[in-house]
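>>> Sequence first, then the predicted structure:
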Amino acid sequence: AQSVTQLGSHVSVSEGALVLLRCNYSSSVPPYLFWYVQYPNQGLQLLLKYTTGATLVKGINGFEAEFKKSETSFHLTKPSAHMSDAAEYFCAVIDDQGGKLIFGQGTELSVKP
Amino acid sequence: DAGVIQSPRHEVTEMGQEVTLRCKPISGHNSLFWYRQTMMRGLELLIYFNNNVPIDDSGMPEDRFSAKMPNASFSTLKIQPSEPRDSAVYFCASSDVPGQGQEQYFGPGTRLTVT
């Protein structure tokens, strides 16, 4: 069965610093991987997704993620953090039956001025 | 497009009362998902529908929870009777093709408090 592990429930960075949020997955089939962002008191919004093809995926708001099959990872990065990036970030994988998203436990990102 | 619409946005009720949460998916989407989010358990999928048919309800916690999708534009999640441990944010999401890399679009959620 698919699963997702996000390393670190809370990450704090300074404004302008690199953002790195870690995600590892397990999957018995080629995975479809997602990163969602949740701002306070809102629903989840898709940042980016990997299905097939290029392993470096670019998303909204300057975020990108790289699919590394050998490491079973899909880490999210942004070169320079902005105060508005403070939110909770969820990594997810589609289960092998199709239809269901399996979410990680989330990482809360804080950005210090 | 208005996106996924959920109502009410906030619900406060007393233990033992019936609670009905409502969701209108994005027009044209074939799949609908109900999630629950709590601090302790994170995001949990409760049930999902494809073409109005329940496909997987293995996440429904117990018989007190039921979900229906009478047509392509409306779904309800009912809790009867409600208990304090049901307090959570409930999200509805929809997508146009089940699985296989299709994005799920989330509603704003209903924050349920059971006292």
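Received it, and whenever you're ready, just let me know what you need.
>>> What residues does chain A have near chain B?
With the criterion set to CB under 8 Å from any CB of the partner chain, chain A comes near chain B through A:32, A:34, A:36, A:42-46, A:49, A:51-52, A:90, A:94-95, A:97-101, A:103, A:105-106. In short, each C-beta sits where N, CA and C put it, glycine included.
>>> B:Leu21 is in contact with B:Gln6, isn't it?
Yes - between B:Leu21 and B:Gln6 there is a contact under CB atoms under 8 Å: 7.0 Å.
>>> Now do the shared contacts for these two.
Applying CB atoms under 8 Å, 6 or more residues apart in numbering or on different chains, one finds that B:Leu21 and B:Gln6 are jointly contacted by B:90, B:92, B:110.
>>> Could I get the contacting residues of B:Gly3?
Counted by CB under 8 Å, 6+ apart, B:Gly3 has contacts B:26, B:105, B:107.
>>> Point out where chain B drops to low pLDDT.
Applying pLDDT under 70 to chain B flags residues B:1, B:98-101.
>>> Show me which residues of it sit near chain A.
Residues of chain B lying close to chain A by CB under 8 Å from any CB are B:4, B:31, B:33, B:42-43, B:45, B:48, B:50, B:55-56, B:91, B:93, B:98-101, B:103-109.
>>> The same query, at a cut-off of 10 Å, please.
B:3-4, B:6, B:9, B:31, B:33, B:35, B:37, B:41-45, B:48-50, B:55-56, B:58-59, B:89, B:91-93, B:95, B:97-109, B:111 (CB under 10 Å from any CB of the partner chain).
>>> Which of those residues are buried, as a ChimeraX select command?
Of the residues of chain B next to chain A, the buried ones go into a single ChimeraX selection, burial set by 16 or more other CB atoms under 10 Å in any protein chain shown:
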select /B:4,6,31,33,35,37,42,43,45,48,49,50,55,56,59,89,91,92,93,95,98,99,101,102,103,104,105,106,107,108,109,111
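>>> Can you pick out the ones from the residues of chain B next to chain A that are in strands?
Among the residues of chain B next to chain A, the members falling in strands (DSSP state E) are B:6, B:31, B:33, B:35, B:37, B:42-45, B:48-50, B:55-56, B:89, B:91-93, B:95, B:105-106, B:111.
>>> Spatially, and excluding backbone neighbours, which residue is closest to B:Leu43.
Closest residue to B:Leu43 apart from its sequence neighbours, by CB to CB, 6 or more residues apart in numbering or on different chains: A:Phe103 at 4.5 Å.
>>> Look up the residues forming beta bridges with the one you found.
A:Ala92 (DSSP bridges).
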